[in-house]
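Engineer: this one's sequence-less:
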């Protein structure tokens with residue numbers, strides 16, 4: 001039997017290695033700690049109170065409950081502020097809690113307005129629409145004293161009842177924006193006769 005010999009490399013290879021290249025050095029790796037995924041932190045929306053000044057007039061979306069006596073107006077106002085304070089004291093892990101609370105207070109205000117208000121806006125949940133200084137006043141729903149009080153009121157707070165000639169008003173500011181004058185719709189011209 002013949003012995004099988006493994007192949008041997010030739011002493012002189014055709015291709016010789018570059019003599020200028022450096023020999024690779026073994027890299028000693030430091031023991032690494034296991035990599036842990038960092039939890040993603042959700043950024044909560046935190047409303048910031050910024051002062052907004054403009055020379056343009058502001059307008060406010062107003063809800064109103066009108067009562068005939070101060071005692072009944074104070075009772076409704078205390079009910080609303082107690083409800084608002086109870087909602088604020090509840091601990092909920094929600095970054096938009098203040099806005100959800102205000103939305104709930106607005107719904108509660110609407111229910112009270114539909115039930116107890118003596119104003120014509122009762123059917124609309126007490127909504128007076130957009131109110132601004134210098135607007136045409138409907139004498140059945142508001143007067144200039146009420147508009148002046150609305151312009152001084154603070155958003156997200158229900159001010160104490162306001163006395164006017166019409167009665168006692170509990171107001172709530174829903175939204176505010178810069179007033180832009182609206183154009184009156186053009187009257188249709190009669191068609192031309194030929």
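Structural biologist: Alright, I've got the coordinates. Just so it is clear, the model here is predicted, and its values are computed rather than measured.
Engineer: what residues are up against residue 44?
Structural biologist: Counting by Cβ atoms under 8 Å, 6 or more residues apart in numbering, residue 44 touches residue 95. In short, each C-beta sits where N, CA and C put it, glycine included.
Engineer: how much space between it and residue 95?
Structural biologist: Distance of residue 44 to residue 95, given as Cβ to Cβ, to the nearest Å: 3 Å.
Engineer: helix, strand or coil for residue 171?
Structural biologist: strand (DSSP: H, G, I helix; E, B strand; the rest coil).
Engineer: the most centrally placed residue in the chain: which element?
Structural biologist: Central residue of the chain (Cα atoms, centre = their mean): residue 99, 6.0 Å from the mean position. Element membership of residue 99, judged by DSSP states H and E, is helix 97-116.
Engineer: from the contact counts, what lies against that helix?
Structural biologist: Other helices and strands packing on helix 97-116, by 3 or more Cβ pairs under 8 Å, 6 or more residues apart in numbering; DSSP states H and E, are strand 58-67, helix 70-89, strand 168-178.
Engineer: looking at those, which one is packed in the most?
Structural biologist: strand 58-67 (a mean of 22; mean count of other Cβ atoms under 10 Å).
Engineer: okay, angle between that one and helix 70-89 too, please.
Structural biologist: 120 degrees (axes from the mean of the first three to the mean of the last three Cα atoms, to 10 degrees).
Engineer: each with direction, which strands does strand 58-67 pair with?
Structural biologist: The strands beside strand 58-67 in its sheet (DSSP bridges) come out as strand 127-132 (antiparallel), strand 168-178 (antiparallel).
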